[in-house]
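Q: Starting from these lines, generate the structure:
(chains A, B, C and D)
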Protein chains: 2
Amino acid sequence: MARTAYHHGDLHQQAHQQALAVLRLEGDGAISLRAIAKQIGVSAPALYRHYTDRESLLAELAIGGFAALRQQLLSVEQHTPRAALIGIGLAYVAFAQSEPNLYRLMFGGRVLPKGAHPRLDQAGLGAFNVLQDTIARGQRAGYLKPAPLALMTATAWSLVHGLSQLTIDGHLPNADAEPQLAEGITSLLLEGAIAHTDAHTDNNEDTP
Amino acid sequence: MARTAYHHGDLHQQAHQQALAVLRLEGDGAISLRAIAKQIGVSAPALYRHYTDRESLLAELAIGGFAALRQQLLSVEQHTPRAALIGIGLAYVAFAQSEPNLYRLMFGGRVLPKGAHPRLDQAGLGAFNVLQDTIARGQRAGYLKPAPLALMTATAWSLVHGLSQLTIDGHLPNADAEPQLAEGITSLLLEGAIAHTDAHTDNNEDTP
DNA sequence: TGCCAATGTTAACACCGTTAACTTTAAGCA
DNA sequence: TGCTTAAAGTTAACGGTGTTAACATTGGCA
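A: Predicted coordinates for the structure are as follows:
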């Protein structure tokens, strides 16, 4: 079952890989089913045996992206609550910076409407949950405030997602040093932005 | 200079408005020069007398968006530093929620590459500066920590931008109450996420 | 072995952005 | 006032897209 021109058996996977390559180089807007089919050496309508839509191909790429992001977040060492939180933040931003076009596709909104691809939403939740679990652990350890979990998770996610998007797209003037920036930002969230000039004022603690 | 079919004198503005209407209803992906020309009652190539590109039309829409965002941020009352900061955060998210498709276009990244439209970058800076100035005032008033201004601005912008994007696109599970969410998130950034159980522990202060 | 479902094929439709070549009109100057 | 010129419109055409219909081939199973 191999290469008789018909039924070469690997079309789905090959189209996926080809589309991923184009995505990485030129962004999702440059993904064309006809071009992909030609490069694989197959007619364009053949792709419709494996993907109902161009959009479903993109959704599959995004699903893979969320799975990769989840793995990257899971691989962060959770030694102390603080190290786990900062590590997750850095890992998140690092992922976005290493795969900017894929990240943009995952959170495009315009390209992949939210309710349309259940497996996509599920994959997004999978990554989301890693972040949420880490925060919950930080709360149980007494390191984080006992604020509502949904609130704290939304805050953390908004921060890392916003930073990812802004750095990827080249906003953020004076974005000199990026790694320090990400670490400084997460620290700022943890310790707060308000100056407590009352008495104690022991800024920059490093270990809980 | 009016309506002889030729030279109806208002093509530029009319195309802008028509494109904006389509953008609001269906997103930037649905903006088609041919369709716009037809609805205005003009041939498609006529648009190229007023826009060098489809992309330049989109850039013009985004520029208008940044100007509107800037105005909305400027209209926030700056009574106390805290009120100014929270007010700006709420206004920012409110703008994104009131114009989701426009906001997505402004920060698309994939649609409008960063260095290609100088006036666009300038308009973005205009909105950015309002946020930065507010933070600088908060620092001068002694309300905010004297951390590097670029760091604090990047943090604040990341937070409000991330929250905007996530709520617009329907991520954030359990996103029950949005206004409280935005306010809670900005407060959390101001006061920090760490529980200070050592001694002082005066959480939830409301005035500096 | 013969049939059927899976998986390919070509042809075609209706769009799209964009350019070339041409035409009409408004405006300014002799 | 009339002529010229540049601005602003026109049609025709090129190459590209996603997608569907109708048809062809093939591998696997009864």
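Q: pretty sure A:T186 contacts A:V93?
A: No. Between A:T186 and A:V93 there is no contact under C-beta atoms under 8 Å: 9.0 Å. (Glycine included, C-beta is placed from N, CA and C.)
Q: Show me the common contact partners of these two, please.
A: By C-beta atoms under 8 Å, 6 or more residues apart in numbering or on different chains, A:T186 and A:V93 have these common neighbours: A:V160.
Q: and the residue of chain A nearest DNA strand C?
A: Residue of chain A nearest DNA strand C, by C-beta to the nearest atom of the strand: A:S43 (3.1 Å).
Q: Skip the chain neighbours and tell me the closest residue to that residue.
A: Using C-beta to C-beta, 6 or more residues apart in numbering or on different chains and skipping the chain neighbours, the partner closest in space to A:S43 is A:A37 (6.1 Å).
Q: ok, that neighbour - contacts?
A: A:15, A:43-44, A:46-47.
Q: One more: A:K145?
A: A:139, A:152, B:193-195, B:203.
Q: hang on, the earlier thing: how many neighbouring residues does the residue of chain A closest to DNA strand C have?
A: Number of residues near A:S43 (other C-beta atoms under 10 Å in any protein chain shown) recorded here: 10.
Q: Next up, phi/psi of it, please.
A: Torsion angles at A:S43 (phi, psi; degrees, to the nearest 10) stand at phi -80, psi 150.
Q: State the distance from it to A:Q14.
A: A:S43 sits 14 Å away from A:Q14, taking C-beta to C-beta, to the nearest Å as the criterion.
Q: what do you get for A:L131?
A: 34 Å.
Q: and if you look at A:R137?
A: Distance from A:R137 to A:Q14, by C-beta to C-beta: 41 Å.
Q: need the helices for chain A, in chain order.
A: Along chain A, counting by DSSP state H, helices occupy A:11-26, A:33-40, A:54-74, A:81-98, A:100-106, A:118-140, A:149-168, A:178-191.
Q: Could you check the shortest one against chain B for contacts?
A: Okay, so that is helix A:100-106. Yes. Shown here: helix A:100-106 in contact with chain B (C-beta under 8 Å from any C-beta of the partner chain) through A:101, A:104.
Q: Which strands or helices does that helix pack on?
A: On a contact count with 3 or more C-beta pairs under 8 Å, 6 or more residues apart in numbering or on different chains; DSSP states H and E, helix A:100-106 meets helix A:11-26, helix A:54-74, helix A:149-168.
Q: pretty sure A:L11 is touching A:S43, no?
A: No. Contact between A:L11 and A:S43 fails when scored by C-beta under 8 Å: they sit 10.7 Å apart.
Q: Buried residues, stretch A:162-181. List them.
A: Residues A:162-169, A:171-172, A:181 are the ones in stretch A:162-181 that count as buried (16 or more other C-beta atoms under 10 Å in any protein chain shown).
Q: follow-up on the earlier one: looking at the helices of chain A, which is nearest to B:L112?
A: B:L112 sits nearest to helix A:100-106 of all those, at 12.2 Å, using C-beta to C-beta.
Q: can you give me the offset of that closest one from its chain's centre?
A: What separates the centre of helix A:100-106 from the centre of its chain is 8 Å, taken as C-alpha atoms, centre = their mean, to the nearest Å.
Q: Extract the C-alpha trace of it and format it as PDB.
A: In PDB, the C-alpha atoms belonging to helix A:100-106 read as follows (Å, rounded to 0.1, in the frame of the first residue of the first chain):
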ATOM      1  CA  PRO A 100       5.400  33.100  16.600                       C
ATOM      2  CA  ASN A 101       3.300  32.200  13.600                       C
ATOM      3  CA  LEU A 102       1.900  29.100  15.200                       C
ATOM      4  CA  TYR A 103       1.100  31.100  18.300                       C
ATOM      5  CA  ARG A 104      -0.700  33.700  16.300                       C
ATOM      6  CA  LEU A 105      -2.800  31.000  14.700                       C
ATOM      7  CA  MET A 106      -3.700  29.400  18.000                       C
END
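Q: ok, and what's touching it?
A: A:20, A:23-28, A:58, A:61-62, A:65-66, A:69, A:95-96, A:111-112, A:124, A:164-165, A:168, B:109-110.
Q: Likewise for stretch A:58-76?
A: Residues from elsewhere that reach stretch A:58-76, judged by C-beta under 8 Å, 6+ apart: A:16, A:19-20, A:23, A:28, A:31, A:51, A:84, A:87-88, A:91-92, A:94-95, A:99, A:102-103, A:105-106, A:111-112, A:116-117, A:119-120, A:123-124, A:126-127, A:130-131, A:134.
Q: Please pick the buried ones from the residues you listed.
A: Among these, those buried by neighbour count (16+ other C-beta under 10 Å) are A:16, A:19-20, A:23, A:28, A:31, A:51, A:84, A:87-88, A:91-92, A:95, A:99, A:102-103, A:105-106, A:111-112, A:117, A:120, A:123-124, A:126-127, A:130-131, A:134.
Q: where in chain A is pLDDT low?
A: Applying pLDDT under 70 to chain A flags the ranges A:1-8, A:174-179, A:197-208.
Q: neighbours of A:T52, just the number please.
A: By other C-beta under 10 Å, the residues close to A:T52 number 11.
Q: Leaving out chain neighbours, which residue sits closest to A:A62?
A: Ranked by C-beta to C-beta, 6+ apart and with sequence neighbours excluded, the top spatial neighbour of A:A62 is A:M106, at 4.7 Å.
Q: I'd like the distance between that neighbour and DNA strand D.
A: 19 Å (C-beta to the nearest atom of the strand, to the nearest Å).
Q: A:I86 against A:G184, yeah?
A: No. At 10.3 Å, A:I86 does not count as touching A:G184 under the criterion of C-beta under 8 Å.
Q: hey, which of the helices and strands packed on helix A:100-106 is tucked in deepest?
A: Mean neighbour count (mean count of other C-beta atoms under 10 Å in any protein chain shown) peaks for helix A:149-168 among the helices and strands packed on helix A:100-106, with a mean of 23.
Q: Convert it to PDB, retaining C-alpha atoms only.
A: Taking C-alpha atoms only, helix A:149-168 is exported to PDB below (Å, rounded to 0.1, in the frame of the first residue of the first chain):
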ATOM      1  CA  LEU A 149      -8.700  30.800  41.500                       C
ATOM      2  CA  ALA A 150     -10.400  31.900  38.400                       C
ATOM      3  CA  LEU A 151      -9.400  35.500  39.000                       C
ATOM      4  CA  MET A 152      -5.700  34.600  39.700                       C
ATOM      5  CA  THR A 153      -5.600  32.300  36.700                       C
ATOM      6  CA  ALA A 154      -7.100  34.900  34.400                       C
ATOM      7  CA  THR A 155      -4.700  37.500  35.600                       C
ATOM      8  CA  ALA A 156      -1.600  35.300  35.100                       C
ATOM      9  CA  TRP A 157      -2.800  34.100  31.700                       C
ATOM     10  CA  SER A 158      -3.600  37.600  30.600                       C
ATOM     11  CA  LEU A 159      -0.200  38.800  31.500                       C
ATOM     12  CA  VAL A 160       1.800  36.100  29.800                       C
ATOM     13  CA  HIS A 161      -0.400  36.000  26.800                       C
ATOM     14  CA  GLY A 162      -0.300  39.800  26.400                       C
ATOM     15  CA  LEU A 163       3.400  39.900  26.800                       C
ATOM     16  CA  SER A 164       3.800  37.100  24.200                       C
ATOM     17  CA  GLN A 165       1.600  38.800  21.700                       C
ATOM     18  CA  LEU A 166       3.200  42.200  22.100                       C
ATOM     19  CA  THR A 167       6.700  41.000  21.900                       C
ATOM     20  CA  ILE A 168       6.000  38.700  18.900                       C
END
